[in-house]
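1. Sequence and computational prediction follow.
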Amino acid sequence: MTNPAPDLDGFRGRAMEAMDARRAWPGHAPWVRDAVEALPRHVFAPKRLWDWDGHAYVPVDRDADPDAWARLVYAGPYDAAITEVTAGRPSSSLSCTSVVAGMLDVLDVEPGHRVLELGTGTGWNAALLAHRVGPTGHVTTVEAAPDLAANARATLAGAGFGDTTTVVLGDGALGHPDTAPHDRVIVTYAVDHVPWTWIEQLRPGGDLVFPWGRLGHFAVTVAADGRSATGWLQGLAQFMPARDTAPVPEFDEIRAGRPAEDERLLARDVAPLHTDRDLLWALRVALPDVVYTTDTDEDGVNAWIHDGARSWAVLTTLPDGPIRAGQGGPRRLVDEIETAWDAWERDGRIRRWDHGVTITAEEQFVWAGDAATGRRWAIPAPVPITG
């Protein structure tokens, strides 16, 4: 017996209404909504998606459970659809509509532009770009996974973009010099350090939009002399890392059952770690390798913190109100967090939107307020792998 087809029009209509209700469509780029309307997500979704059941990611196949599959495709404005799981962790997705719309908005792409996309995935984002650049423009999109590249190439051709898109199998860090200079470059996976090749392959005045590390994405513009690019933070969405990046360990892997080496009570309220995005961004800038997971119970906010190596901390709200802090490993992460938190408060609680980034061939740094005179935080260059 064949399962009945899902009501895709209904799912899609409710998803569009949810975007409207949350005012998630970019007001300065009405073309984005038009493109999403013309190019439904489900056309680009693979037959198998993945859903978290509370313990692990489990497959959801379109043929076996069409409605469950459709609900994942159109889960909501802020929900990605997981399209690939590797070693138990998501490794590729159909990005949430709100983030796609926001990044396309700040990319400021125009008809006739030559656009380079790094991280093809399902091809949906490339199709939206191709819809915008039109027959006089072109979208080159680079994908590292052979199966994803092949599927996206076929899907884009089937959607009518075979002549205006080129899917390249390759390393996104290298860009694509054969089609440079590009008017725009957009990256769909997170990087901790921007390859200078991306800037070199943009024309002066061209824009690059990229996710930075585990939190946030920037839009930068290349200077007239081509020797630098600078721009502002645009959002706090989280993105999957590049495929050659080691996965971030889970808290339990870092703690490994070890008892706390240092315990004390904190005088400060830790609720902002769960609710204050300006604080979370400030801590992300000051301590870029530190990972936070927070949750609430009847007593208040609790936090599990680690540095991806050997140091960890737990903040627990006790029934009578105090916060118990336990930490272990070579670093004292609670102390580091309090120091960065205090510095942020002394600086006037700088908003996340008041931060930007500057990229040159020699250095990269995040700044607050003003690129030339504001406080700076250096972005360390990647350590070469030797062996």
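-> Perfect, thanks for sending it.

2. Where do the strands of the stretch 51-200 of the chain begin and end?
-> 57-61, 81-86, 89-94, 114-118, 138-143, 165-169, 182-187 (DSSP state E, counting those that start in this stretch).

3. Make JSON lines out of these and add mean pLDDT and distance to residue 274.
-> Every residue, glycine included, has its C-beta placed from N, CA and C. JSON lines is the format used below for the strands of the stretch 51-200 of the chain (pLDDT from 0 to 100; distance: least, CB to CB, whole Å):
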{"stretch": "strand 57-61", "mean pLDDT": "96", "distance to residue 274": "25"}
{"stretch": "strand 81-86", "mean pLDDT": "93", "distance to residue 274": "24"}
{"stretch": "strand 89-94", "mean pLDDT": "90", "distance to residue 274": "23"}
{"stretch": "strand 114-118", "mean pLDDT": "98", "distance to residue 274": "33"}
{"stretch": "strand 138-143", "mean pLDDT": "98", "distance to residue 274": "36"}
{"stretch": "strand 165-169", "mean pLDDT": "98", "distance to residue 274": "41"}
{"stretch": "strand 182-187", "mean pLDDT": "98", "distance to residue 274": "29"}
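
4. residues touching residue 132, list them.
-> The contact partners of residue 132, by CB atoms under 8 Å, 6 or more residues apart in numbering, come to 31, 35, 104, 109, 110, 111, 113.

5. elements contacting the worst-scoring helix or strand of the chain on mean pLDDT?
-> When each helix and strand of the chain is scored by mean pLDDT, DSSP states H and E, strand 89-94 comes last, with a mean of 90. Under the contact criterion of 3 or more CB pairs under 8 Å, 6 or more residues apart in numbering; DSSP states H and E, strand 89-94 touches strand 81-86.

6. Next, the residues that contact the strand it packs on from outside, please.
-> Against strand 81-86 from outside (CB under 8 Å, 6+ apart): 41, 45-46, 48-51, 57, 72-73, 75, 90-94, 121-122, 145, 148.

7. swap in stretch 317-337?
-> Residues contacting stretch 317-337 (CB under 8 Å, 6+ apart): 254-255, 258-266, 268-270, 283, 287, 290, 297, 299-302, 305-307, 309-316.

8. List the ones among the residues you listed that fall in strands.
-> Filtering the contacts of stretch 317-337 for membership in strands, criterion DSSP state E, returns 262-266, 297, 300-302, 305-306, 312-316.

9. What is the most widely separated pair among those?
-> Of all pairs drawn from the ones in strands among the contacts of stretch 317-337, the one with the longest distance (CB to CB) is 262 and 297, at 23.4 Å.

10. These two: who's more crowded?
-> A direct count of neighbours by other CB atoms under 10 Å for residue 262 and residue 297 places residue 262 higher, at 13 against 10.

11. for the protein, longest strand please?
-> The chain, longest strand under DSSP E: strand 202-211.

12. other SSEs contacting the next helix or strand after that one?
-> Remark: after strand 202-211, the chain's next helix or strand is strand 217-222, criterion DSSP states H and E. For strand 217-222, the elements it packs on are helix 97-107, strand 202-211, strand 228-235, strand 355-360, judged by 3+ CB pairs under 8 Å, 6+ apart.

13. The same query, at a cut-off of 10 Å, please.
-> Counting contacts by 3 or more CB pairs under 10 Å, 6 or more residues apart in numbering; DSSP states H and E, strand 217-222 packs against helix 97-107, strand 182-187, helix 196-200, strand 202-211, strand 228-235, strand 355-360.

14. buried sites along the longest strand of the chain?
-> Neighbour counts over strand 202-211 (16 or more other CB atoms under 10 Å) mark 202, 206, 207, 208, 209, 210, 211 as buried.
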